[in-house]
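S.K.: sequence and computational prediction follow.
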Amino acid sequence: MKQVSFASLEYAGKKRVTRREKFLGQMQKVVPWQRLLALIEPHYPSSGRVGRPPIGLERMLRMYFVQQWYALSDEALEDALYDSCAMREFVGIDLARESAPDATTLLKFRRLLEQRELGKAIFEQINQHLSEQGLLMREGTMIDATIIAAPSSTKNKDGQRDPEMHQTKKGNQWHFGLKAHIGADSDSGAVHSIHVTAANESDVANAHHLLHGQESDVHADAGFTGVEKREEVKAAQDEGRIKADVNWHVAERRHKIKAMPEGLTKQLKQALERVKAQIRARIEHPFHVVKNLFGHKKLRYRGLAKNASQLNVMFALANLVLLKMPLLQLQGTGAP
């Protein structure tokens, strides 16, 4: 018979469901656990080795996802598992029988994902799951990019900032970090392509990385002006990676509209730009989830490769958050 601690009994007897419990309950239902476990299992160490046996794969994956959802460091996650009953229940830890995995264990798991490029694979598997559910269409794509700041401190072993990050000027403000370029489905808003560069890379130069090749329409802001003339795009069209007859719906620059003479032509142009802006607005939703809901406003790691691996996982989880209600409805369940 399983022994139940007093803390677990007290937690089970409470009447109010917290927002954290509600969110973790929804993620428990919408994350394709078996698909992801089958993906990682061939790379995960087995128990036949000398030394301490490895922690269960599902438990480590759940811990890693909780870390992304709540913007926790390795040490902060270890503390949170001791503090939060909701997190312990989601991860599957009973403090009456065992301790929570320590920060070093999570560090090794994260390095495993980075070294085997499993972050990208997790992103692709979750998108494949959404496609099979009929939630990821292929007819139209929105493209955009956002800057994520990196620590600018030089108080480290090398005495310098991260050499793989760069600074860039946006408006009247300078930013130092990387740029996450994404391509998202114009119908659902789910991200289907990610490309990570230094912050000084232009948006239009990376547009060809953000298309899956099946779309007929591409929506972009004024930063992508002239994209159809880029050599990279033309080369991709010649190779068949992008449709030759794709329709580019790029926003007009404001100063050009402002310079137009008043009249019906200008009014029609302004109305057209409003329609294009309404379609493009949905691409801001994944950025909102990652930066505001998940709290990923500043990079935690050095180097593009480590951060790219994390961003692939975060945008995959953002897709599940954006589409959680349709996924729950398909399963025949509502929010807990």
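M.R.: Structure's in. What do you need?
S.K.: please count neighbours and contacts with C-alpha atoms only from this point.
M.R.: Fine.
S.K.: what's stretch 311-326 in contact with?
M.R.: Applying CA atoms under 8 Å, 6 or more residues apart in numbering, the contact partners of stretch 311-326 are 26-27, 30-31, 68, 119-120, 122-123, 126-127, 135, 188-191, 194, 285-286, 289-290, 334-335.
S.K.: and G226, how far from I182?
M.R.: Distance of G226 to I182, computed by CA to CA, to the nearest Å: 18 Å.
S.K.: pLDDT below threshold where in the stretch 1-150 of the chain?
M.R.: Residue ranges of the stretch 1-150 of the chain with pLDDT under 70: 1-15, 48-51.
S.K.: can you pull the contacts of L299?
M.R.: 148-151, 177, 307.
S.K.: equivalent analysis for I148, please.
M.R.: By CA under 8 Å, 6+ apart, I148 lies in contact with 177-180, 297-299.
S.K.: what's the next secondary structure element after the one helix or strand it maps to?
M.R.: Per DSSP states H and E, I148 falls inside strand 140-149. Elements were assigned by DSSP H and E; along the chain past strand 140-149, the next helix or strand is strand 166-170.
S.K.: any buried residues in that following strand, and which?
M.R.: Within strand 166-170, the residues scored as buried using 16 or more other CA atoms under 10 Å are 166-168.
S.K.: related to what we said a few turns ago, separate out the buried members of the contacts of L299.
M.R.: Buried members of the contacts of L299, counted by 16+ other CA under 10 Å: 148-150, 177, 307.
S.K.: wait, which of these is closest to P53?
M.R.: N307 (28.8 Å; CA to CA).
S.K.: three-state assignment of that closest one?
M.R.: helix (DSSP: H, G, I helix; E, B strand; the rest coil).
S.K.: which residues touch it?
M.R.: Applying CA under 8 Å, 6+ apart, we find N307 in contact with 299-301.
S.K.: returning to what we had before: can I get the strand holding I148 in CSV? Just the C-alpha atoms.
M.R.: The C-alpha trace of strand 140-149 is given here as CSV (Å, rounded to 0.1, in the frame of the first residue of the first chain):
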residue,chain,number,x,y,z
GLY,A,140,-0.5,30.4,-46.3
THR,A,141,2.5,31.6,-44.3
MET,A,142,3.3,34.6,-42.2
ILE,A,143,6.9,35.5,-41.6
ASP,A,144,8.5,37.8,-39.0
ALA,A,145,11.4,38.1,-36.6
THR,A,146,11.9,39.2,-33.0
ILE,A,147,15.0,40.2,-31.1
ILE,A,148,15.8,38.4,-27.8
ALA,A,149,18.3,40.2,-25.6
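S.K.: before we move on, the earlier item: in a markdown table: the buried residues of strand 166-170, plus distance to S47.
M.R.: Formatted as a markdown table, these follow (distance: CA to CA, whole Å):
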| residue | distance to S47 |
| --- | --- |
| H166 | 43 |
| Q167 | 46 |
| T168 | 48 |
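S.K.: quick one: buried ones out of the contacts of stretch 311-326?
M.R.: Neighbour-count burial (16+ other CA under 10 Å) is assigned, among the contacts of stretch 311-326, to 26-27, 30-31, 68, 119-120, 122-123, 126-127, 135, 189-191, 194, 285-286, 289-290.
S.K.: re earlier: G226 and I182: who's more crowded?
M.R.: Each of G226 and I182 had its neighbours counted (other CA atoms under 10 Å), and the higher figure belongs to I182 (27 against 11).
S.K.: tell me which element the nearest residue to the more buried one once chain neighbours are set aside is part of?
M.R.: Excluding the flanking residues, the one nearest I182 by CA to CA, 6 or more residues apart in numbering is I194, at 4.6 Å. I194 belongs to strand 191-198 when assigned by DSSP H and E.
S.K.: give me the sheet partners of that strand and which way each runs.
M.R.: With DSSP bridges as the test, strand 191-198 is paired with strand 173-185 (antiparallel).
S.K.: let's see the pLDDT reported for the residue in the chain sticking out farthest from the centre.
M.R.: Distance from the C-alpha centroid of the chain, by CA atoms, centre = their mean, peaks at G263 (43.7 Å). The confidence metric pLDDT takes the value 94 at G263.
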